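1. just to be clear, the model below is a prediction. Sequence and coordinates:
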Amino acid sequence: MSGVTENDALHAAPKTFYLETFGCQMNVHDSEKVVGTLLHEGYRQVETVEQADLILYNTCSIRDKAEQKVFHRLADFKKLQSQGKKFGVLGCVAQQEGEKIFERAPHVSLVCGSASYRNLPQMLVQLEGASANASLVSEAIDVRDSHPAKIAQGGAAAFVEDSPAHPAGENAGVRDDASIAISPGNARDSVLAARNSGLVRITGLDDRETDKCFETEFTARSNPHRGYITIIEGCDKFCSYCVVPFTRGKERSRTSESVLAEARQMADLGYTEIQLLGQNVNSYKDPAGKRSFAELLAAVGEIPGIRRVRFTTSHPRDFGRDIVQVIDAVPALCDHVHLPVQSGSDRVLHAMRRLYDREQYLERIAWIKSSKREISITSDIIVGFPGETEEDFAQTLSLLDEVGYDGVFSFKYSPRPNTPALALEDAIPDQEKARRLEGLMARQKEIQTPRYKKYIGAIMEVLVEGRNESRGQWIGRTSHNKTLNFTAPKQATTSVGSYVQVMVTGSFPNSLLGEIMV
Ligand code: 5AD
Ligand code: SF4
């Protein structure tokens, strides 16, 4: 038996944490849940790496550049390890790179993918306990199991096969005689403590087969007026360029009842805007079979106190007409659809395995445009996909003209690990990708400028999101999801979180300018 008790281990625990988030809204919201979980576990969030005992990065691996950011950060702060600080990598890079992260950045102690966040409390206990006891283990121990098991005293590496009698996740933080915790979760979770080196290595790497969602009552939302709710996690689409199905696992929806309960709770707390999130939000399937995605939108929009409902991101293949009909019918649903097209060329769409062609995409756009309301449409586009010819690219440009987007997020194709597109030939040189990206952005700017200008003279309702003191302006957002910066005389009772009417007086390619109506 060790002379160190669990209490001692917890006593010596790191209790402050710093968390930096990279990537999409899903990650931002995951971080809100991670923060809530850590606060509940007795940690305190701090603003700088220097103040923190535990430094966490919630990472993105959608493109190589995003992935490299975390390794730069880890290198920048490596020297702080000598002060006893612990480092953790969460999110998509964690899931994708797994234990390889320990090789590349040996000062990292925790590697945890998003599908394992529900196990974070146990992992934190392990991190604290195992680090306090690392020197008690005589050899490296690597336990991969989902259920209680005993590590042989003396520490020969143990590997316990998963057993149907002990389903994954049942055994929160069970400890062996030497106070080394056995990881919860499924077969890829592990705890590894190496003697004398002081290294503690904890992984939470549930594979893509997990059917669990990360539902927690401890979400620490960073904005008191508008908040995210994840309704569906993971992705089953497997577009040929994309890592998400590998990093976020298979598609799994929450019940509409649990989504609605969370939305009602938020409304009670004073939230007025809710954004429903999912990698493919409109692939939502209520496991209880009660509501379709469109019906869930309507139900959230009808909650008393909820004035705005947004949803992102929609996949064109699953975008039904019923979504447009429900936007027409329920005033709280915002006038905005983000519908990534990725390319305007059928040949490229096919190679991307996007499951629709240009005509089908444009059919959905026609449905949206036939709405009684003017619905703003935005998109994502990838340029320089392997084999994309000048003609393919020209078709993407012509699609921009045809749709008339109010905003486009455009990216150079970035080859990603595991993805089928890696096997494709005819890579486009980076310089050419950059040229196409510039051309695309220039064309979109030409399209957007008049689209924003036409609002001059209109009166629009905005949710006030902030204040820019140096410019003497309030920052507002329209239902269309456009930024509308406006001035207000002192007597106007403007405050962050309120809804006000603003007269548009000027426009830029990406924002509007206005004056409050008093
Ligand atoms: N390279 C470039 N862009 C990508 N995206 C996804 N994977 C890649 C990749 N490998 C873009 C898509 C997606 C957005 C979130 O990121 O446009 O819609
Ligand atoms: Fe990636 Fe395609 Fe899934 Fe979107 S739909 S997350 S682009 S695989």
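-> Thanks, I have the structure now. Ligands and ions are numbered 1, 2, ... in the order given.
2. burial count for residue 483?
-> Per other CB atoms under 10 Å, the neighbour tally for residue 483 reads 15. C-beta coordinates here come from the backbone N, C-alpha and C atoms, glycine included.
3. just residue 355 next, same as before
-> Residue 355: 15 neighbours (other CB under 10 Å).
4. now residue 366
-> Using other CB under 10 Å, residue 366 has 11 neighbouring residues.
5. that one belongs to a helix?
-> Yes: looking at residue 366 with DSSP: H, G, I helix; E, B strand; the rest coil, it is inside a helix.
6. pLDDT at it, what is it?
-> Predicted confidence (pLDDT) at residue 366: the value is 98.
7. around ligand 2, pick out the residues from the stretch 201-350 of the chain.
-> Contact residues, the stretch 201-350 of the chain versus ligand 2 (CB under 6 Å from any ligand atom): 235, 237-239, 242, 244-245, 279-280, 315.
8. this protein: helices as residue ranges?
-> Under the criterion DSSP state H, the chain contains helices at 6-11, 25-40, 64-76, 92-97, 100-104, 120-133, 244-247, 256-268, 293-301, 321-329, 346-351, 358-369, 390-403, 430-453.
9. returning to that earlier point: quick check on the residues of the stretch 201-350 of the chain next to ligand 2: which are buried?
-> 235, 237, 239, 242, 244-245, 279-280, 315 (16 or more other CB atoms under 10 Å).
10. what's the closest of those to residue 456?
-> Relative to residue 456, the closest of these is residue 315; by CB to CB it sits at 34.4 Å.
11. contacting residues around that closest one?
-> 237, 280, 282-283, 340 (CB atoms under 8 Å, 6 or more residues apart in numbering).
12. go again using 6 Å as the cut-off
-> Applying CB atoms under 6 Å, 6 or more residues apart in numbering to residue 315 gives the contacts residue 280.
13. also the one 3 residues further on?
-> For residue 318, the contacting residues are 282-283, taking CB under 6 Å, 6+ apart as the criterion.
14. which ones, among the residues of the stretch 201-350 of the chain next to ligand 2, also lie beside ligand 1?
-> residue 242.
15. on that earlier part again, just say which of the helices of the chain is most tucked in.
-> Of all these, helix 92-97 carries the top mean neighbour count, a mean of 26, counting by mean count of other CB atoms under 10 Å.
16. so which elements touch that helix?
-> Using 3 or more CB pairs under 6 Å, 6 or more residues apart in numbering; DSSP states H and E as the contact test, the elements touching helix 92-97 are helix 244-247.
17. how about the helices of the chain, which one is nearest residue 418?
-> Here helix 244-247 is closest among the helices of the chain (CB to CB), at 5.0 Å.
18. got the CA positions of that closest one in CSV?
-> Provided in CSV are the C-alpha atoms of helix 244-247 (Å, rounded to 0.1, in the frame of the first residue of the first chain):
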residue,chain,number,x,y,z
VAL,A,244,-14.7,15.9,-38.2
PRO,A,245,-16.2,12.4,-38.5
PHE,A,246,-12.9,11.1,-37.1
THR,A,247,-12.5,13.6,-34.3
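19. now the residues of the stretch 201-350 of the chain next to ligand 2 in CSV, with pLDDT?
-> Putting these into CSV (pLDDT from 0 to 100) gives the following:
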residue, pLDDT
235, 95
237, 96
238, 96
239, 98
242, 97
244, 94
245, 94
279, 95
280, 96
315, 98
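20. now the residues of the stretch 201-350 of the chain next to ligand 2 as a markdown table including distance to residue 409?
-> Formatted as a markdown table, these follow (distance: CB to CB, whole Å):
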| residue | distance to residue 409 |
| --- | --- |
| 235 | 18 |
| 237 | 18 |
| 238 | 21 |
| 239 | 15 |
| 242 | 14 |
| 244 | 15 |
| 245 | 20 |
| 279 | 15 |
| 280 | 16 |
| 315 | 15 |
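21. how about the residues of the stretch 51-200 of the chain by ligand 1?
-> When proximity is defined as CB under 6 Å from any ligand atom, the stretch 51-200 of the chain approaches ligand 1 at 62-63.
22. just give me the lowest mean pLDDT stretch among the helices of the chain.
-> Minimum mean pLDDT among those: helix 6-11, a mean of 47.
23. residue 100 and ligand 1: what is the separation?
-> Counting by CB to the nearest ligand atom, to the nearest Å, the gap between residue 100 and ligand 1 amounts to 19 Å.
24. now that residue: how far from ligand 2?
-> Remark: distance between residue 100 and ligand 2 (CB to the nearest ligand atom) = 22 Å.
25. just residue 26 next, same as before
-> From residue 26 over to ligand 2 the distance is 10 Å, taken as CB to the nearest ligand atom.
26. and the residue of the stretch 1-150 of the chain closest to ligand 2?
-> The minimum distance from the stretch 1-150 of the chain to ligand 2, using CB to the nearest ligand atom, falls at residue 62 (8.0 Å).
27. about what we covered before: what's the closest of the buried ones among the residues of the stretch 201-350 of the chain next to ligand 2 to residue 498?
-> Among those, and counting by CB to CB, the member closest to residue 498 is residue 279, at 32.4 Å.
28. that closest one touches residue 233, doesn't it?
-> No: using CB atoms under 6 Å, residue 279 is not in contact with residue 233, being 7.4 Å away.
29. and residue 276, how many neighbours?
-> Counted with other CB under 10 Å, residue 276 comes out at 22.
30. tell me what it is bridged to.
-> Bridge pairing for residue 276 (DSSP bridges) gives the partners residue 229, residue 311.
31. tell me who's in contact with it.
-> Residue 276 sits in contact with 229, 231, 311, where contact means CB under 6 Å, 6+ apart.
32. any idea how far residue 332 is from residue 517?
-> Relative to residue 332, residue 517 is positioned 21 Å away (CB to CB, to the nearest Å).
33. now residue 308
-> Per CB to CB, residue 308 is found 6 Å from residue 332.
34. who's more crowded, those two?
-> residue 308 (23 against 20).
35. could you find the closest non-adjacent residue to the more buried one?
-> Excluding its sequence neighbours, the residue lying closest to residue 308 (CB to CB, 6 or more residues apart in numbering) is residue 273, at 4.0 Å.
36. ok, the one you found touching residue 309?
-> No: counting by CB under 6 Å, residue 273 does not reach residue 309; the two are 7.5 Å apart.
37. more neighbours: which of those two?
-> residue 309 (26 against 23).
38. OK, contacts around the more buried one?
-> By CB under 6 Å, 6+ apart, the neighbours of residue 309 are 274, 300-301, 332-333.
39. how about it: what's its closest non-neighbour residue?
-> residue 301 (4.7 Å).
40. repeat for residue 511
-> That would be residue 483: by CB to CB, 6+ apart, it lies 4.2 Å from residue 511.
41. now do the closest residue in space to residue 307 that isn't next to it in sequence against residue 303, distance only.
-> In this structure, residue 307 finds its nearest non-sequential neighbour in residue 272, 4.5 Å apart by CB to CB, 6+ apart. Note on residue 272: its distance to residue 303, by CB to CB, is 10 Å.
42. and if you look at residue 72?
-> 43 Å.
43. same deal with residue 381?
-> 34 Å.
44. cool, residue 36 as well?
-> From residue 36 across to residue 303, the span is 22 Å (CB to CB).
45. and if you look at residue 297?
-> The spacing between residue 297 and residue 303, counted by CB to CB, is 11 Å.
46. any low-confidence regions in the stretch 101-250 of the chain?
-> Residue ranges of the stretch 101-250 of the chain with pLDDT under 70: 130-198, 207-208.
47. where along it do the strands fall?
-> 108-112, 141-143, 174-175, 181-182, 190-193, 200-204, 226-233 (DSSP state E, counting those that start in this stretch).
48. quick check: angle from the first one to helix 25-40?
-> For strand 108-112 against helix 25-40, the angle by axes from the mean of the first three to the mean of the last three CA atoms, to 10 degrees is 120 degrees.
49. strand 108-112 pairs with which strands, parallel or anti?
-> For strand 108-112, pairing defined by DSSP bridges yields strand 86-91 (parallel), strand 200-204 (parallel).
50. contacts for it, please.
-> For strand 108-112, the external contacting residues (CB under 6 Å, 6+ apart) are 86-90, 94, 101-102, 127, 200, 202-204.
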